[in-house]
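Participant: 3D model of this:
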Amino acid sequence: MAQMPLIAGVELGGTKCIAVLSSGPDTILEEVRVPTTRPEETLPALEAAMDKWRGFAAIGIASFGPVSIDPQSPDYGKITSTPKPHWAGTDIARRLAARYDVPVGFHSDVVGAAMAEARWGAGQG
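Facilitator: The predicted model follows:
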């Protein structure tokens, strides 16, 4: 059986953010939690954790929003007009894609939660 590629996951929430390193849909190898403060504090803390995880093939991001999810939009991958202080206009997807030079999937935390429920929770089947 072929080994699954390593994937990094990032969930940006209103009070905390989580980064995980996974070797498949059911195997989390490492998890780091940081408080959601200001982007200039929170994002470098997540990146410091991810910098130690060499060899991941892609990043999946689920973020509080509103977020821009249209890859053709100039503001794709950004948190847009959020009520969360200091986060409006913060570029998440392109920042992480440039730093790690891997494909990035980006969507809202609501869609991320729905996908998780469909895979592992009450939405199965």
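Participant: The chain: helices as residue ranges?
Facilitator: 39-51, 93-100, 109-120 (DSSP state H).
Participant: can I get the ones you listed in TSV with distance to residue 72, mean neighbour count and mean pLDDT?
Facilitator: Where C-beta positions appear, they are placed from N, C-alpha and C, glycine not excepted. What follows is the helices of the chain, written out as TSV (distance: least, CB to CB, whole Å; neighbours: other CB atoms under 10 Å; pLDDT from 0 to 100):
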stretch	distance to residue 72	mean neighbour count	mean pLDDT
helix 39-51	24	16	97
helix 93-100	13	17	97
helix 109-120	18	14	88
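Participant: Could you provide the ones you listed in TSV, with additional columns for distance to residue 85?
Facilitator: Converted to TSV, those look like this (distance: least, CB to CB, whole Å):
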stretch	distance to residue 85
helix 39-51	10
helix 93-100	19
helix 109-120	18
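Participant: Of those, which is nearest residue 64?
Facilitator: Proximity to residue 64 (CB to CB) singles out helix 109-120 among the helices of the chain, at 5.4 Å.
Participant: Does anything pack onto the closest one? Which helices or strands?
Facilitator: strand 7-12, strand 58-63 (3 or more CB pairs under 8 Å, 6 or more residues apart in numbering; DSSP states H and E).
Participant: Please name every helix or strand in contact with the first one.
Facilitator: Helices and strands touching strand 7-12, as assessed by 3+ CB pairs under 8 Å, 6+ apart, comprise strand 16-24, helix 39-51, strand 58-63, helix 109-120.
Participant: so what strands line up beside that strand?
Facilitator: strand 16-24 (antiparallel), strand 58-63 (parallel) (DSSP bridges).
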